[in-house]
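**Student:** turn this into a structure:
(one chain, ligands or ions: 1)
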Amino acid sequence: MIRFREDLGFYSAKLRQFRARRIDPTLTNHPEHLTKLRRDGIAIVKDFIPPDRIAAIVDQISNKTDLLTERTSPGIVKRNARFLLLEPEQALPSTRVFFQNPEIRGLARAYLSKDAVPDRPAVQLKADIGEKAIVDFFHIDEWRYLISVFLLLTDVGPDEAPMVYMKGSHRQRLWRIPKEREFFSYYDRQSDGQYANEESPYCGCLLPTEARRLRERHGYSEILCTGQAGTLIIFDNLGLHRSTELRANKRLILSSYWMLPK
Ligand SMILES: O=C(O)CCC(=O)C(=O)O
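**Tutor:** Residues are numbered from 1 along each chain as shown. The predicted structure follows:
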């Protein structure tokens, strides 16, 4: 009985999301990025922000925070093998070129809805070589429509912890229903962003064998999200993706989610 009520809750919440989503290509000046996002679940845009602006952001991160050194400032948390500086915009005005970017806003709204809103802006640093995380397993992030936008602030090659994305895996397929259903009951984030319980971080994760079978069955291909500083990566979090461990240097990015209003 409880299970049935939960199922009903999940399916009606999904239906509400489905109704609220409106893809509208007129909201973006970059239909080519929207086409990729819709087709592959991911779009990577080289040279999105010029080098002088990237240098200004990195300078401000070094001068106004201790993210790159001691990492003791309030607002810095460690999660999934990375340090996050949450809500950075006020302390780091140079980041507005990303967080207030009209092209990103247009693309996010074109993909989700004209009412889509940004969420959880952060500076993210991966600095611990060889550290592993649960999100190194292929996973989806949500049951609701959600996209992530990353701006690379350092060059990210194969050794600098590039994300891996399974192109095409954001599409509606039966395999995702139990995964999304799992999120609906488990993945209740508290207001401070912490996970609701010890099991929640595993929600949405696949074992490597399951991921391989899905890739083969559906013909998904993997893309390694490398790029130079200034590259923009925008992806659908309902598609399968995973982080990789840092093998050299560091990876510094700005990140933000976009979602339908709650
Ligand atoms: O940071 C990454 O490389 C992967 C991010 C990820 O797995 C996520 O946002 O869920």
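
**Student:** spell out which residues of this protein are next to the ligand.
**Tutor:** 135, 141, 148, 163, 241, 242, 243 (C-beta under 6 Å from any ligand atom). All C-beta atoms are positioned from the backbone trio N, CA, C, and that covers glycine.

**Student:** again, only this time at 5 Å
**Tutor:** Within the chain, the residues that sit near the ligand (C-beta under 5 Å from any ligand atom) are 135, 141, 163, 243.

**Student:** and the longest helix for the protein?
**Tutor:** Ordering each helix of the chain by length in residues (DSSP state H) puts helix 2-20 first.

**Student:** pretty sure residue 184 belongs to a helix, no?
**Tutor:** Yes - assessed by DSSP: H, G, I helix; E, B strand; the rest coil, residue 184 belongs to a helix.

**Student:** list the buried residues for stretch 18-30?
**Tutor:** By 16 or more other C-beta atoms under 10 Å, the buried positions in stretch 18-30 come out as 27, 28, 30.

**Student:** how much space separates the first one from residue 115?
**Tutor:** Spelled out, it's residue 27. Distance of residue 27 to residue 115, given as C-beta to C-beta, to the nearest Å: 11 Å.

**Student:** what's the answer for residue 235, then?
**Tutor:** Per C-beta to C-beta, residue 235 is found 21 Å from residue 115.

**Student:** mind checking which of these two has more residues around it?
**Tutor:** Neighbour count, other C-beta atoms under 10 Å: between residue 235 and residue 115, residue 235 has more, with 25 against 10.

**Student:** wait, a helix at the more buried one?
**Tutor:** No - counting by three-state DSSP, residue 235 falls outside a helix, being strand.

**Student:** for residue 87, give me phi and psi.
**Tutor:** When quoted as degrees, to the nearest 10, the phi and psi of residue 87 stand at phi 50, psi 60.

**Student:** now do the one 10 residues further on
**Tutor:** Main-chain torsions, residue 97, degrees, to the nearest 10: phi -60, psi -20.

**Student:** which residue ranges form the strands in the chain?
**Tutor:** 42-45, 76-79, 82-86, 117-126, 146-152, 164-167, 221-224, 232-236, 241-242, 251-259 (DSSP state E).

**Student:** make TSV out of those and add mean pLDDT.
**Tutor:** Converted to TSV, the strands of the chain look like this (pLDDT from 0 to 100):
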stretch	mean pLDDT
strand 42-45	98
strand 76-79	94
strand 82-86	97
strand 117-126	98
strand 146-152	98
strand 164-167	98
strand 221-224	98
strand 232-236	98
strand 241-242	98
strand 251-259	98
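
**Student:** my read is that residue 33 contacts residue 107, right?
**Tutor:** Yes - with contact defined as C-beta atoms under 8 Å, residue 33 reaches residue 107; the gap is 5.6 Å.

**Student:** so the two - more neighbours on which side?
**Tutor:** More neighbours surround residue 107 than the other of residue 33 and residue 107, with 26 against 22 (other C-beta under 10 Å).

**Student:** what's the nearest residue to the more buried one if we skip its chain neighbours?
**Tutor:** Taking C-beta to C-beta, 6 or more residues apart in numbering, and ignoring the residues beside it in sequence, residue 107 has residue 28 as its nearest neighbour in space, at 4.8 Å.

**Student:** go on, residue 58?
**Tutor:** Residue 58's closest residue in space is residue 153 (C-beta to C-beta, 6+ apart), at 5.5 Å.
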